[in-house]
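Enquirer: Sequence first, then the predicted structure:
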Amino acid sequence: MELTFGQRVRKAAVTDFKKFWTAYRYWVTIVGLLLAPLLVRVLGHGLSKMTVGNLFLSALVGFCLSLAGTGIIALWKGAESLDAALRDKLSERDTKILSYETEHRKPQRTPAEDHRYKSAELALVRLGQPAFIALRHLSTYGELVFGLTHPPLPEGMGLGQAMNVYRACVEEGLVVRRDINANIDTECPSVIFQIAPGMKAALEELLYV
C-alpha cells in the first residue's frame, strides 16, 4: 500500500535523524553538554559547590534540547528531500511528455499539402474500409498490372472487387491508371494502377495511423 505524504515525511525525517546521530555526534554532544560545563564549574567554583543533581539536570535539559532541535531539523530536511524527489519525478515526467509529443507531432504542411491531405481524407471516408485495404496493398507493391494475368490481390478481395475499388480510387484522384496496348488487337491490353504522386505523402499518413 502506498504511503501517505505525512507518512513519507516522517519516514524521511527518521532516516535523516539517524544519519545525524552517529557515534561521533553523541560524543560531541556529551562532551559539549556534560563534560564541558562540569569542567567550567569545577574551575570556577570548585568541586564542593557542584551537586550531582544540578549537573545531571543541566546535562539532561541540554541533551533534550539538542534532541528536540535535531528532530525539528530532521523533519524539515526530510520534507525537503521528499520535495526534491518529487521535483525530480515531475521533471522526468515532463521530459517524457515533451519527448513523446515531439516524436508524435504531426508535421507541418504547406497549403497545397494540407489541401491534398483533406481531399484524400474525405475520399477515404466516402470509399470506406475496402479502399484502405486496397491502397495499403498498392502502396506495398508500388504498382499493380492487370492483364492476361493479374497481380497479387488485396487480402480478402477477388479480381472483380479489387478492380472496382481501384477504379473508384482513380475517380477520387487517389490512384492513377495507365492503359497499355488498349488499341492494339495483336497484344493483350493491360491496366496499371499506381498511387497518385501528389497523394503519396497524404496517403502514407492516413493509411497507417
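Expert: Thanks, I have it.

Enquirer: Name the nearest residue to Glu143, ignoring sequence neighbours.
Expert: Spatial nearest neighbour of Glu143, excluding adjacent residues (C-beta to C-beta, 6 or more residues apart in numbering): Gln194 at 4.6 Å. The C-beta positions use only the backbone N, C-alpha and C, and glycine is treated the same way.

Enquirer: secondary structure element for that neighbour?
Expert: Secondary-structure element containing Gln194, defined by DSSP states H and E: strand 190-195.

Enquirer: what are the pairing partners of that strand, and which direction each?
Expert: Using DSSP bridges, the strands paired with strand 190-195 are strand 143-146 (antiparallel), strand 175-180 (antiparallel).

Enquirer: hang on, the earlier thing: quick check: the gap between the residue nearest to Glu143 and Thr95.
Expert: Using C-beta to C-beta, to the nearest Å, we find Gln194 at a distance of 43 Å from Thr95.

Enquirer: Then Leu174?
Expert: Leu174 sits 40 Å away from Thr95, going by C-beta to C-beta.

Enquirer: now swap in Ile133 and tell me
Expert: For Ile133 relative to Thr95 (C-beta to C-beta), the value is 39 Å.

Enquirer: now swap in Pro152 and tell me
Expert: Plainly put, Pro152 is 45 Å away from Thr95 if you go by C-beta to C-beta.

Enquirer: OK, contacts around Val145?
Expert: Counting by C-beta atoms under 8 Å, 6 or more residues apart in numbering, Val145 makes contact with 151, 190-192.

Enquirer: May I see these arranged in JSON lines, with pLDDT, neighbour count and distance to Thr15 as well?
Expert: Shown next, in JSON lines, are the contacts of Val145 (pLDDT from 0 to 100; neighbours: other C-beta atoms under 10 Å; distance: C-beta to C-beta, whole Å):
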{"residue": "Pro151", "pLDDT": "91", "neighbour count": "16", "distance to Thr15": "70"}
{"residue": "Ser190", "pLDDT": "87", "neighbour count": "15", "distance to Thr15": "79"}
{"residue": "Val191", "pLDDT": "91", "neighbour count": "18", "distance to Thr15": "77"}
{"residue": "Ile192", "pLDDT": "93", "neighbour count": "15", "distance to Thr15": "74"}
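
Enquirer: Closest one of the residues you listed to Gly160?
Expert: Distance to Gly160 across the contacts of Val145 (C-beta to C-beta) is lowest for Val191, with 13.2 Å.

Enquirer: Does the closest one touch Asp179 like I think?
Expert: Yes - between Val191 and Asp179 there is a contact under C-beta atoms under 8 Å: 5.8 Å.

Enquirer: What score does the closest residue to Glu205 other than its chain neighbours have for pLDDT?
Expert: Nearest residue to Glu205, sequence neighbours excluded (C-beta to C-beta, 6+ apart): Tyr117, at 7.0 Å. Tyr117 is assigned 93 on the pLDDT scale.
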